[in-house]
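> Make a model of this:
(2 chains)
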Amino acid sequence: MTAARDAGEPLAGREPLIDAHAHFLFGDTGRADWADVNDARFRAGERIGVTYHVASILGTFGFSSPTYFPSPDDVTRGNDAMLEIAERESNRVRMFVTVNPNYTGHALLEIDRCVARGAIGIKLAASRRADDPLLDPIADVAADRGLPVLHHIWQHRRREWPSQEISDGADLARLAVRHPRARFILAHIGGGGDYAHTFPAVVDCPNIYPDLSGSGADRGMLDSAVAALGAERLLWASDLTMCTGLAKLRALHQLGLSADDIADIRWQNAVRIFPPRSFPRCPALSASRVSLPSSPR
Amino acid sequence: MIDSNALIGPYPFRHVPHPDPEVLVRVLDRERLDGAWVGHLPSAFYRDPTPGNAELFTALRPFSDRLRPVPAVRPDWPKWEATLEQAASEGAPAVRAYPPQWGLGPHDSSMRELALAAGERGMALLLTVRFEDLRQRHAMDTAGDLSAAAIRSLARAGDAVRLVVTAASRDLIEETHWGLTDAEQRRVYWDISWIWGPPEDHLAKLFRTVGAKRFVFGTQWPLRLTQTPRANLDLLPDDVRSLEMADAGAVCAAAARRVGAVRG
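Numbers count the residues shown, from 1 in each chain, chains lettered A, B, ... in the order given. Have a look, this model is predicted:
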């Protein structure tokens, strides 16, 4: 794939590619360079060959309330900005609506409001542990409306960490067992912590789909994920480091996966778990790839 | 292009797939890299790295056209000067040291002596900021990251010093670089294995401010995906894409002497 650049080809080829975990910034995040960072995501996305960025904004990213404990007002401001980006860039951006489950009423209203304007999933940061009952009404709505929930995860939670009420794969698995009709995206197996703990923690939950994003690019991580969960459970994503995202795409080709397995990770799994017609620039799935895994591997 | 930050051997805190020199050579071919400077990963955690160095020299000998040994020298250990001499005689372009793992503080005088002695023999001193993300470390892995203060102290030790600092991120690079004089800055090279690309574009920002010539290619194989630094270079914005990093052979005399012997 590296030779593609000089020929003007996307570095990751022309097959569809859905980034299932992306973020954008906006003016209220307190960063003078917020627009440059957004532009850089689009620039790198074009160069890699990203077909769709499925993105969220986590309140004001710490500027007026904490990133992982955003106030209701900041949640709304961030979602408003994300709606504006998704509507302006409708050919390549889709939206997760961010909610803070400590404010149930506000969270449910935000989901209603943003889904009505095109949001296709729900983003939960680290405002409440994943197995907390306060997440149940959100998971119920997600199941009823077919919206996947992207949940921020620390791989193997061994203690509390500052500025977040962190969850790990085992925490998310308890929520997923309570809500078998809902679909959960386990965030960034390369995003910190011990991913080797995550795979056995979620293997028996076929409604949990780990994404590959994060700055962590350990050798052995992708091999272990595929061996434990299968390609039909994994989603390609970049989060905050698109360089490691491209590196992981290239590394997947070294694992000996079939073309269908790679397509599953690149885009087909995303097409299956997000609401129908979320990604019109992706081709229709073949009949053999339409169904979701229904039982543990 | 040379990978300045490769290792062989197992890692004590997690399984690493086939960390063997013959596999590394295949990876270099796949990634179109000419050669690699190779350390011995377990030696970072040995009290006495001498046996690990012997294993390194033996393991790399069949691949001497591609893989150059970078043995570890512990400067608070008796007769460390002999280890340094042996490294020079084996054609090492650099020697590795692990101050946090060995309990040597940021202003340890023996580290400054080692940096100078290596430099006077034309060899670089290769330092490792981290092996793993802080968030995933084993409960027994309590050494901590190499500090900017430690790097600044070594860069200030004398003009002979040449440092290759691996696995540093943007904050530490900036904290070090802008705390040195122009002359001291020219003694320090950084590998790009732990610097992030877009959307934050840390590598591009460092190329614009610190300068591309202060950076060398490095992967931290076998711990991390070899594809990451190449992907980072491929994603640079247009204004810095054509800038050239330093060739590892330009870092110090020992690297330059033998670089012609490495294929490519």
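
> Next to chain A, which bits of chain B? Give me the list.
Applying C-beta under 8 Å from any C-beta of the partner chain, we find that chain B lies next to chain A at B:14-17, B:30, B:32, B:132-133, B:135-136, B:139, B:196-201, B:203, B:221-228, B:230-232, B:234-235, B:237. Using the backbone N, CA and C atoms, a C-beta is placed for each residue, glycine as well.

> which residues touch the closest residue to B:Leu180 other than its chain neighbours?
Distances taken as C-beta to C-beta, 6 or more residues apart in numbering or on different chains place B:Ala155 nearest to B:Leu180, at 5.5 Å, with adjacent residues excluded. By C-beta atoms under 8 Å, 6 or more residues apart in numbering or on different chains, B:Ala155 lies in contact with B:161, B:163, B:176, B:180, B:184-185, B:187-188.

> ok, 10 Å please
Counting by C-beta atoms under 10 Å, 6 or more residues apart in numbering or on different chains, B:Ala155 touches B:115, B:161-163, B:165, B:176-177, B:179-181, B:183-188.

> again, but for B:Tyr46
Taking C-beta under 10 Å, 6+ apart, we find B:Tyr46 in contact with B:12, B:40, B:52-53, B:72, B:74, B:98, B:101-102.

> out of those, who's nearest A:His106?
Closest to A:His106 out of the contacts of B:Tyr46 is B:Pro12 (47.8 Å), distances taken as C-beta to C-beta.

> so what's the backbone phi/psi at the closest one?
For B:Pro12, the backbone dihedrals are phi -70, psi -20 (criterion: degrees, to the nearest 10).

> Ok, B:His40 next?
Taking degrees, to the nearest 10 as the convention, B:His40 sits at phi -110, psi 110.

> what's the neighbour count on it?
B:His40 has 25 neighbouring residues, counting by other C-beta atoms under 10 Å in any protein chain shown.

> Likewise for A:Arg128?
19.

> In this structure it contacts A:Ala139, no?
No: in terms of C-beta atoms under 10 Å, A:Arg128 does not count as a neighbour of A:Ala139; the distance is 12.0 Å.

> give me every residue that touches residue 24.
You didn't pick a chain, so chain A it is. Per C-beta under 10 Å, 6+ apart, neighbours of A:Phe24: A:34-35, A:37-38, A:41-42, A:53, A:55-57, A:78, A:81-82, A:84-86, A:89, A:93, A:95, B:199.

> switch to chain B, that's the one I care about
By C-beta under 10 Å, 6+ apart, the neighbours of B:Leu24 are B:3, B:6-8, B:18, B:33, B:36, B:38, B:60, B:63, B:66-67, B:219, B:221-222, B:226.

> Swap in 7 Å and give it another go.
Counting by C-beta atoms under 7 Å, 6 or more residues apart in numbering or on different chains, B:Leu24 makes contact with B:6, B:8, B:36, B:38, B:67, B:221.

> next one: B:Phe45
B:12, B:101.

> Show the backbone phi and psi for it.
According to degrees, to the nearest 10, B:Phe45 has phi -110, psi 0.

> With A:Val50 instead?
Here A:Val50 shows phi and psi, under degrees, to the nearest 10, equal to phi -70, psi 120.

> Quickly note the distance from it to chain B.
11 Å (C-beta to the nearest C-beta, to the nearest Å).

> ok so, going back, can you tell me which of the contacts of B:Ala155 is closest to A:Gly27?
For those, the nearest to A:Gly27 is B:His177 (30.9 Å; C-beta to C-beta).

> Just the pLDDT for that closest one.
Per-residue pLDDT puts B:His177 at 98.

> With A:Ala287 instead?
The model reports A:Ala287 with a pLDDT of 75.

> same question, B:Gly35
96.

> Flag every residue of the stretch 101-250 of chain A that's near chain B.
Residues of the stretch 101-250 of chain A found near chain B (C-beta under 7 Å from any C-beta of the partner chain) are A:192-194, A:215-220, A:223, A:240-244, A:246-248, A:250.

> one step back: dump the contacts of B:Leu24 to JSON lines, plus secondary structure and neighbour count.
Below are the contacts of B:Leu24 laid out as JSON lines (DSSP: H, G, I helix; E, B strand; the rest coil; neighbours: other C-beta atoms under 10 Å in any protein chain shown):
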{"residue": "B:Ala6", "secondary structure": "strand", "neighbour count": "30"}
{"residue": "B:Ile8", "secondary structure": "strand", "neighbour count": "26"}
{"residue": "B:Ala36", "secondary structure": "strand", "neighbour count": "31"}
{"residue": "B:Val38", "secondary structure": "strand", "neighbour count": "28"}
{"residue": "B:Leu67", "secondary structure": "strand", "neighbour count": "25"}
{"residue": "B:Trp221", "secondary structure": "strand", "neighbour count": "25"}
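
> need those residues in a markdown table with distance to A:Ile185, can you?
Shown next, in a markdown table, are these (distance: C-beta to C-beta, whole Å):
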| residue | distance to A:Ile185 |
| --- | --- |
| B:Ala6 | 34 |
| B:Ile8 | 37 |
| B:Ala36 | 37 |
| B:Val38 | 39 |
| B:Leu67 | 41 |
| B:Trp221 | 30 |
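
> which of the residues you listed lies closest to A:Ser278?
B:Trp221 (38.0 Å).

> excluding its backbone neighbours, what's nearest the closest one?
Leaving aside its chain neighbours, B:Trp221 sits nearest to B:Ala6 (4.8 Å; criterion: C-beta to C-beta, 6+ apart).

> got a list of what that neighbour touches?
Taking C-beta under 7 Å, 6+ apart as the criterion, B:Ala6 is in contact with B:24, B:36-38, B:219, B:221.

> Let me see the confidence value for B:Ala256.
At B:Ala256, the pLDDT value in this model is 79.

> And for it, the neighbour number?
Using other C-beta under 10 Å, B:Ala256 has 15 other residues around it.

> any idea how far A:Ser127 lies from A:Ile153?
13 Å (C-beta to C-beta, to the nearest Å).

> With neighbour numbers in mind, choose between these two.
A:Ile153 (33 against 26).

> Now for the more buried one: which residues touch it?
Listed by C-beta under 7 Å, 6+ apart, the contact set of A:Ile153 reads A:167-169, A:172, A:186-188.
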